[in-house]
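Undergrad: Please work out how this folds:
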Amino acid sequence: MGHLDHAALGWLTPVLSYAMACAGAALGLRCTVRALAATGSARRNWLLTAASAVGTGIWTMHFVAMLGFAVSGTDIRYDVPLTLAGLLVAMAVVCAGVFAVGHGRDRVRALLLGGLTTGLGVASMHYLGMAAVRLHGEVGYDPVLVGLSVLIAVVAATAALWAALNIRSPVAVTLASLIMGAAVSSMHYTGMFAVSVRVTPSGEPLPGATAMQFIFPLAVGLGSYLFITSAFVALSPTAGEREASASAQRPAGHTAH
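TA: Predicted coordinates for the structure are as follows:
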């Protein structure tokens, strides 16, 4: 059995991956708050931004954490198409969950359906990402820990969507995003502790790309997207601010007549 190290770069990858998960959750929550106060195409656009933010944050969290994953006795490579498929799955299922909550008439049913869909999608993204791992040996899983990781993903997703529906103040959104980040990180590391590797030493070159060749540049790019979009959302006026601005301008308009 190969010795697995989940933090080969020390505390850097767990802390940075947690920060990515929190950033994605915070941005997703803020966008969902804006969406629920909007209508028509504006609501749809805010929900799409929320889904892309949360999906990007979860995927980036997973692969930043994977930068610290090492197995003694073998190199590790990543299948590029499968890794990208994980990103698309994360965005698609989060989008489905967010839209279920954003447009559902029965809030409780929409919340449970959205949480289940999103949670299973997040878990699928994680294990799709693990399926992209290429190493000299066989990867096995502890079914109990796998089941626990899926349960954590569903509970975390449901809690995040509930927060999106019920939390409005910036302080509460910040607290909810910290909790959501912790839940996503817990799901990831629970899934990683389920992994065992039986190494088969070989001199054959592994297919795929190294983490630094492929995942690191992509994670940096997606992380930049999160922070740039966060700045845009922070600077764009809320529905209340737009209404206050419009009401402040009305007297001036009447005076002009």
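
Undergrad: following the helix of greatest length in the chain, which helix or strand shows up next?
TA: Using DSSP state H to define each element, the chain has its longest helix at helix 40-66. Counting by DSSP states H and E, the next helix or strand C-terminal to helix 40-66 is strand 70-71.

Undergrad: now the helices for the protein?
TA: Applying DSSP H to the chain gives helices spanning 12-36, 40-66, 80-103, 107-131, 143-166, 170-193, 216-235, 239-256.

Undergrad: mean confidence for the first one?
TA: What that stands for is helix 12-36. Average pLDDT, helix 12-36: 85.

Undergrad: what's the angle from that helix to helix 216-235?
TA: 40 degrees (axes from the mean of the first three to the mean of the last three CA atoms, to 10 degrees).

Undergrad: Which neighbouring residues are in contact with Arg107, exactly?
TA: Counting by CB atoms under 8 Å, 6 or more residues apart in numbering, Arg107 touches Val101, Leu165. All C-beta spots, glycine's among them, are computed from the backbone N, C-alpha and C.

Undergrad: picking up where we left off before, minimum distance to Pro201: which of the helices of the chain has it?
TA: Among those, the nearest to Pro201 by CB to CB is helix 107-131 (21.5 Å).

Undergrad: Same question for stretch 126-137: list its buried residues.
TA: Within stretch 126-137, the residues that count as buried by 16 or more other CB atoms under 10 Å are His126, Tyr127, Leu128, Gly129, Met130, Ala132, Val133, Arg134, Leu135, His136, Gly137.

Undergrad: Adding distance to Ala21 and pLDDT, write those residues out as TSV.
TA: As requested, the buried residues of stretch 126-137 are exported to TSV (distance: CB to CB, whole Å; pLDDT from 0 to 100):
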residue	distance to Ala21	pLDDT
His126	12	89
Tyr127	17	91
Leu128	17	89
Gly129	14	87
Met130	17	90
Ala132	19	89
Val133	20	90
Arg134	25	91
Leu135	25	90
His136	31	89
Gly137	29	88
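
Undergrad: So which of the residues you listed is the closest to Thr32?
TA: Distance to Thr32, by CB to CB, is smallest for His126 among these, at 22.5 Å.

Undergrad: if we can go back for a sec, so which of the helices of the chain gets nearest His6?
TA: Shortest distance between His6 and the helices of the chain, using CB to CB, is found for helix 170-193: 5.4 Å.

Undergrad: re earlier: now for the buried residues of stretch 126-137: which two are most distant?
TA: Spanning the widest gap among the buried residues of stretch 126-137 are His126 and His136, at 22.6 Å by CB to CB.

Undergrad: can you tell me which residues contact the residue nearest the centre of the chain?
TA: Residue closest to the average C-alpha location in the chain (CA atoms, centre = their mean): Ile58, at 2.0 Å. If you count contacts by CB under 8 Å, 6+ apart, Ile58 has them with Ala21, Gly24, Ala90, Val94, Val122, Met125, Val184.

Undergrad: Not counting sequence-adjacent ones, nearest residue to it?
TA: In space, and not counting its chain neighbours, Ile58 is closest to Ala90: 5.2 Å by CB to CB, 6 or more residues apart in numbering.
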